[in-house]
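>>> Mind looking at a prediction? Sequence and model below.
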Amino acid sequence: MTSVKTIFSAFRAAFPVTLPVLAGYWLLGATYGLYMRSLGFSPWYPILMAWLVYGGSLEFVAASLLLAPFAPVTTFCLAFVIQARHLFYGIAMLDRFRGLGWKKPYLIFGMSDETFALEFSQKAPEGADPAWFMTAITFLDRMYWVGGAATGALFGGLLTFNLKGLPFVMTAMFVVIFLDRFLQEKNHVPAVIGGAASVASLLLFGKENFMIPAMVAIVCLLALFRRPIEGKGGLGE
C-alpha cells in the first residue's frame, strides 16, 4: 500500500514542474468559461465539460456543436480528427505506462498536450516515485484546467476586458518547455527532427491541418533514426 509520504513527495516534486501549465491553463480555461457564458450556457456546462471531456480545443468546438442540430456522426468524426494527435502520444508512452495498475487508465484519460510534454521530457527526481510523479502531473494539470474554466464560468459575468491574443499563452508555454528540454539534452537530433517536420508540415498543409502530418512524419523519422539517436541518449531516457 502506498504511503501518504510517497504521494506527498510526488506532488511536491510535480508542482513546480507544472507551474507553466498552471499559468496557461488557468488563463485559457477562464477564456473557455467566458466563451460558454457568452453563448448563453449556465456556469455548470463549462465546469462539467472541463471535468468530463477535458479536451482543450475540442471543448471550444463542442460549445458550438451543442447549439447546432443533433448530428452524432459528424460530431464523432470532428472530435476524432481534433484529438487524433493523442494516438501518437499513446504510442510514445506505451513503455512508461506499462504495469502501472489503476493509474494507467487515469493517465490515459488525463493525457493532454502539455501533460504529455511534461511526462515525456521530465524524469521523476530522486526520492519521488515515477508512477506517482506522472499521476501528480496529470492530476494537477487537469485541476488547473477545471479551475480556470470554473473561474471564467462563475465570475465571467463580472469581468469586461479584451481577451484578444490570450490563446498565445499556450504557444509561449510550449516554446518554454521545448527550450528547457533542448538545453538539457546533449543530443539535439530529436528536437531538430520535431522542429523541421513541424515547419515543413505547416508550410505544406497550413496551420489548420498541419498537426497530424507533422506527428506522422516525426514518428516515422524517429523510428528510422532510432538506433543512432538512442546510442546518444536522445529519446528522453
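Nice, thanks for sending it over.
>>> Please report phi then psi for residue 112.
phi -120, psi 180 (degrees, to the nearest 10).
>>> pretty sure it contacts residue 58?
No: if you go by C-beta atoms under 8 Å, residue 112 and residue 58 don't touch, sitting 10.6 Å apart. Heads up, the C-betas are built off the backbone N, CA and C, glycines and all.
>>> Against which helices or strands is the lengthiest helix in the chain packed?
For the chain, the longest helix by residue count, based on DSSP state H, is helix 130-155. If you count contacts as 3 or more C-beta pairs under 8 Å, 6 or more residues apart in numbering; DSSP states H and E, helix 130-155 packs onto helix 4-17, helix 19-38, helix 44-52, helix 103-109, helix 113-121.
>>> any idea whether residue 187 is helix, strand or coil?
coil (DSSP: H, G, I helix; E, B strand; the rest coil).
>>> how many other residues sit next to it?
15 (other C-beta atoms under 10 Å).
>>> ditto for residue 11
18.
>>> Surely it and residue 140 touch.
Yes: counting by C-beta under 8 Å, residue 11 touches residue 140, with 7.4 Å between them.
>>> helix or strand right after the helix or strand of the chain with the lowest mean pLDDT?
Least confident helix or strand, the chain: helix 168-184 with a mean of 67, by mean pLDDT, DSSP states H and E. Downstream of helix 168-184, the first helix or strand assigned by DSSP states H and E is helix 189-205.
>>> Restricting to C-alpha, output that following helix in PDB.
Only the C-alpha atoms of helix 189-205 are listed here, as PDB (Å, rounded to 0.1, in the frame of the first residue of the first chain):
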ATOM      1  CA  VAL A 189      18.700  15.400 -33.200                       C
ATOM      2  CA  PRO A 190      15.100  14.600 -31.900                       C
ATOM      3  CA  ALA A 191      14.500  18.300 -31.400                       C
ATOM      4  CA  VAL A 192      15.700  19.100 -34.900                       C
ATOM      5  CA  ILE A 193      13.500  16.400 -36.300                       C
ATOM      6  CA  GLY A 194      10.500  17.600 -34.500                       C
ATOM      7  CA  GLY A 195      11.000  21.200 -35.400                       C
ATOM      8  CA  ALA A 196      11.900  20.500 -39.100                       C
ATOM      9  CA  ALA A 197       8.900  18.200 -39.500                       C
ATOM     10  CA  SER A 198       6.500  20.700 -37.900                       C
ATOM     11  CA  VAL A 199       7.700  23.600 -40.000                       C
ATOM     12  CA  ALA A 200       7.600  21.600 -43.200                       C
ATOM     13  CA  SER A 201       4.100  20.300 -42.400                       C
ATOM     14  CA  LEU A 202       2.900  23.800 -41.600                       C
ATOM     15  CA  LEU A 203       4.200  25.100 -44.900                       C
ATOM     16  CA  LEU A 204       2.700  22.200 -46.900                       C
ATOM     17  CA  PHE A 205      -0.700  21.800 -45.200                       C
END
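>>> wait, isn't residue 115 in contact with residue 138?
Yes: counting by C-beta under 8 Å, residue 115 touches residue 138, with 5.5 Å between them.
>>> which residues are common contacts for those two?
Shared contacts of residue 115 and residue 138 (C-beta atoms under 8 Å, 6 or more residues apart in numbering): none.
>>> what residue ranges in this structure score low on pLDDT?
1, 156-174, 177, 181, 184, 229-237 (pLDDT under 70).
>>> and it, what are its domains?
4-164, 185-237 (automatic domain parsing).
>>> So what's the residue count around residue 10?
If you count neighbours by other C-beta under 10 Å, residue 10 ends up with 25.
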